[in-house]
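> no sequence for this one, just the structure:
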C-alpha cells in the first residue's frame, strides 16, 4: 500500500501543526499534548495486536508499567542519560510480551481477554511486592528528574520533552507502518482473517502471534517509558485496570486496524475525562460513558473510518456532482 500525494500533504500538514503547537499553548497544554503523543504509541501498539492480528487483549497497561519502571530504575541505578533508557525499555517489553504470548497461544477470544485482564489486575499488586521493593520502592513510587534541553537548544524543559516525544512518536509510527505494510504485516492480518487458511499457506501462526504480542508490548513499553519521563513519577496505583481499558477504548474510538486512528484515540483518552469532569463534578464518569456510547453509535468505524468515508464521498464523481448542484 503506497502513500498517495493527498496523504503525504495531510501528514505534512499534521507535522507542521504538531511542531508549531508547543509555541501556541500554555505549559499545562504542552504536558497534555505530550501525553497524547505517548498514548498514541500505546494505542497503536494495542491496535497492532487487537485490530490487525485479532487477539483481544486487556493487559497492555502492564507493559506500559513495565516500560515506565524500566526507565525509572535505570535512571536511579545507572548513569545513563534519559534517552539511552528507551532501547532497554523496548527490548525488555518485547521479550516480556513474546514470552507472555507463548502460553496465550492456547487461548482465543474471551479466554485470552480474561487472561490479559488478570495480568492488568495483578500488575499494581506485583509492583508492591516486598521482594522487589528495593527496585520499585513499593507503594511510595519513584520520582524521575525532568529531562532538560541541551545548551544549544533554545527550548524550555516542557517544549524540549514535547519535541523529544514527537520525534520518538514519528519514528515508532514509521516503523509500525512499514511493518504492517510488508510481508510480516500481511501475515499478521491473514491470521486475523482466517488462521486455518493462513496456516495452510505456510504461515507459522504460533510464531507470528507471539511476535505480534511482543511488538505490541514493545510499542506500549516505549509509550510507558515516555509517559514516566513526562509525569516524572511512577507508582503502582498509576497503572490500574482502567489504563488497559483506556487503550482499547482508544483503539475503538480512533478506528480498529487503522494507523492514524491512534492519534484520535489518544486525544479521547487524554481530553474526554477532563471534559467530562468539567461538565459534572458529581458524576464525571457517567458523562464519560455517555460520550463514549455516543461516539461508538455515531462513528462505528471510529474517527479514522468516518474521515475516510467522508473523503471517499467527497472525492467520488457523484459526490462532486451533488456538491455542484447544491
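Good, I have the coordinates. If you're wondering where the values come from, they're calculated on a predicted model, not measured in any experiment.
> in this structure, which spans are strands?
142-143, 233-234 (DSSP state E).
> kindly reformat these as TSV containing mean pLDDT, distance to residue 82 and mean neighbour count.
The C-beta positions use only the backbone N, C-alpha and C, and glycine is treated the same way. Formatted as TSV, the strands of the chain follow (pLDDT from 0 to 100; distance: least, C-beta to C-beta, whole Å; neighbours: other C-beta atoms under 10 Å):
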stretch	mean pLDDT	distance to residue 82	mean neighbour count
strand 142-143	94	13	17
strand 233-234	96	14	19
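> tabulate those (CSV), appending distance to residue 242.
CSV is the format used below for the strands of the chain (distance: least, C-beta to C-beta, whole Å):
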stretch, distance to residue 242
strand 142-143, 21
strand 233-234, 16
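> hang on, residue 153 packs against residue 160?
Yes: in this structure residue 153 lies within contact range of residue 160 using C-beta atoms under 8 Å: 6.4 Å.
> in terms of neighbours, single out the busier of these two.
residue 160 (18 against 11; other C-beta atoms under 10 Å).
> how deep is the closest residue to the more buried one other than its chain neighbours tucked in, by neighbour count?
Distances taken as C-beta to C-beta, 6 or more residues apart in numbering place residue 149 nearest to residue 160, at 3.6 Å, with adjacent residues excluded. Look at residue 149: counted by other C-beta under 10 Å, it has 16 neighbours.
> and residue 149, what's its pLDDT?
At residue 149, the pLDDT value in this model is 92.
> which ones are touching it?
If a contact means C-beta atoms under 8 Å, 6 or more residues apart in numbering, then residue 149 has 155, 156, 157, 159, 160 as its contacts.
> got it, and residue 121?
residue 241.
> against residue 145, how distant is the residue positioned nearest the centre of the chain?
Geometric centre of the chain, nearest residue: residue 42, 1.5 Å, by C-alpha atoms, centre = their mean. Computed with C-beta to C-beta, to the nearest Å, the distance linking residue 42 and residue 145 is 23 Å.
> what's the local residue count around residue 156?
Using other C-beta under 10 Å, residue 156 has 14 neighbouring residues.
> which ones are touching the closest residue to residue 47 other than its chain neighbours?
Excluding its sequence neighbours, the residue lying closest to residue 47 (C-beta to C-beta, 6+ apart) is residue 251, at 4.8 Å. Residue 251 makes contacts with 43, 46, 47, 50, 51, 261, 262, 265, as judged by C-beta under 8 Å, 6+ apart.
> stretch 230-238: end-to-end distance?
13 Å (C-alpha to C-alpha, to the nearest Å).
> quick one: contacts for residue 223?
38, 39, 40, 41, 42, 45, 64, 67.
> among these, which two are most distant?
Spatial extent of those (C-beta to C-beta) is set by the pair 40 and 67 at 14.7 Å.
> neighbour count winner among those two?
More crowded of residue 40 and residue 67, by other C-beta under 10 Å: residue 67, with 33 against 28.
> show the pLDDT at that one.
Value for residue 67, per-residue pLDDT: 97.
> so what's it up against?
89, 90, 92, 93, 220, 221, 222, 223, 224, 225, 227, 228.
> redo these as a markdown table? Include distance to residue 278 and pLDDT.
Output for those, formatted as a markdown table (distance: C-beta to C-beta, whole Å; pLDDT from 0 to 100):
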| residue | distance to residue 278 | pLDDT |
| --- | --- | --- |
| 89 | 34 | 97 |
| 90 | 36 | 98 |
| 92 | 38 | 97 |
| 93 | 34 | 97 |
| 220 | 29 | 98 |
| 221 | 32 | 98 |
| 222 | 31 | 98 |
| 223 | 26 | 98 |
| 224 | 27 | 97 |
| 225 | 30 | 98 |
| 227 | 23 | 97 |
| 228 | 27 | 97 |
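> give me phi/psi at residue 260?
For residue 260, the backbone dihedrals (degrees, to the nearest 10) come out as phi -70, psi -30.
> nearest residue to it in space, ignoring adjacent ones along the chain?
Of all residues not flanking residue 260 in the chain, residue 304 sits nearest, at 5.0 Å (C-beta to C-beta, 6+ apart).
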